[in-house]
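Student: fold the stuff below for me.
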Amino acid sequence: MLNKNSIQPLYKQLMDIITGQLKNGTYKPGEKIPTEPELAELYQVSRITVRRTVEELCTQGYLVKHQGKGTFVKSPMIFRKFESQKNMSFSESCRQSGRVPGSHVLAFCRKSSDSLTSDFLQLAPDEEVFFLERLLLADGIPIIDVHTWLPVRLFPDFDPKAVENGSFFEYLKSAYSYSIADSSRSTVSVTTASADMAQTLSLAPGDPVMILDSYMQSPDGAPLYISREYIAGSRYTISF
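Tutor: Numbers count the residues shown, from 1 in each chain. Okay, the predicted model is just below:
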């Protein structure tokens, strides 16, 4: 408990207690901590003391507030590197960050191509694409909502079940013998989470979201597919 006779301010004592709990696993990454009134009652201090403690821990990167949802333990950011010789997959970046990767198929359908897909993929006017939406997770925490467009001509009999909690790249390699060229390019932009996007990624509306558009080619330069990743900005970092 807190020592009210100590020269150390109460909020700093409470900070030490909570950071100790974060380090020993009492509160795990992505987990919601008790509310300010609950903490005030638990440690017999004022809500002003608790509020300052929480604000300091948010500033230091230990906690993050989600409006209307509460205060959560901030997950360590996943680092993913893109370079000319080798682009790191999501699964690989998770493992190197000490996290367990996972994926869940949210949607899969066959549809007509549009201007977004037909130009790069060099599709005929009547060609169709498979649209695949997956949610990528680290330790069960949503990180990326990825949309992928694949020409039906190049990926006949694509099985979405094969990428449910499985590697998309490994499936393409094993099922279709495709590999990705070093010349494949990606672009990054930034937006804020819409209501639907926030729900999918377990964010608050308005939270920062990165958009990573990738145009994948085979080693001979032929276009393979397009992907658009909506990335929870507070949980992920990218290096080029």
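Student: every contact and neighbour count from this point should use C-alpha atoms.
Tutor: OK.
Student: quick check: which element contains the residue most central in space within the chain?
Tutor: For the chain, residue 143 is the residue whose C-alpha lies nearest the centre (CA atoms, centre = their mean; 1.5 Å). Per DSSP states H and E, residue 143 falls inside strand 141-151.
Student: need the next SSE after the lengthiest helix in the chain, C-terminal direction.
Tutor: The longest helix of the chain (DSSP state H) is helix 10-24. Sequence-wise, the next helix or strand downstream of helix 10-24 (DSSP H and E) is helix 36-43.
Student: now the following helix or strand past that following helix: mean pLDDT?
Tutor: Going down the chain from helix 36-43, the next helix or strand is helix 47-59, by DSSP H and E. Taken as a whole, helix 47-59 has an average pLDDT of 90.
Student: and what of stretch 184-193?
Tutor: Rounded mean pLDDT across stretch 184-193 is 87.
Student: my read: residue 176 touches residue 153, true?
Tutor: No. The criterion here is CA atoms under 8 Å, and residue 176 misses it with residue 153 at 11.7 Å.
Student: outside of the longest helix of the chain, which residues touch it?
Tutor: Around helix 10-24, the neighbours that count as contacts under CA atoms under 8 Å, 6 or more residues apart in numbering are 2-4, 27-28, 45, 49-50, 52-54, 57, 62, 73.
Student: cool, and stretch 120-134?
Tutor: With contact meaning CA under 8 Å, 6+ apart, stretch 120-134 is reached by 103-113, 117-118, 145-153, 160, 215, 223-226.
Student: show me these that map onto strands.
Tutor: 103-112, 145-151, 215, 223-226 (DSSP state E).
Student: immediately after the helix or strand of the chain with the lowest mean pLDDT, which helix or strand?
Tutor: The helix or strand of the chain with the lowest confidence, counting by mean pLDDT, DSSP states H and E, is strand 78-81 at a mean of 63. Next in sequence after strand 78-81, counting helices and strands by DSSP H and E, comes helix 90-96.
Student: helices or strands up against that following helix?
Tutor: strand 78-81, strand 101-112 (3 or more CA pairs under 8 Å, 6 or more residues apart in numbering; DSSP states H and E).
Student: residue 180 is in contact with residue 215, isn't it?
Tutor: No. Using CA under 8 Å, residue 180 is not in contact with residue 215, being 10.1 Å away.
Student: from residue 149, how far out is residue 200?
Tutor: Note on residue 200: its distance to residue 149, by CA to CA, to the nearest Å, is 19 Å.
Student: no wait, residue 186
Tutor: For residue 186, the distance to residue 149 equals 15 Å [CA to CA].
Student: got the contact list for residue 30?
Tutor: For residue 30, the contacting residues are 72, 73, 74, 75, 141, by CA under 8 Å, 6+ apart.
Student: now, those that are in strands?
Tutor: Per DSSP E, the contacts of residue 30 map to strands at 72, 73, 141.
Student: between the residues you listed, which is closest to residue 41?
Tutor: Lowest distance from residue 41 to the ones in strands among the contacts of residue 30 (CA to CA) belongs to residue 72, with 18.9 Å.
Student: quick one on the thing from earlier: tell me what angle the strand holding residue 143 forms with strand 101-112.
Tutor: Angle of strand 141-151 versus strand 101-112, following axes from the mean of the first three to the mean of the last three CA atoms, to 10 degrees, is 30 degrees.
Student: what comes into contact with stretch 97-105?
Tutor: 78-79, 90-91, 94-95, 132-140, 160-161, 163-166.
Student: specify the beta-bridge partners of residue 65.
Tutor: For residue 65, the beta-bridge assignment (DSSP bridges) gives partners residue 71.
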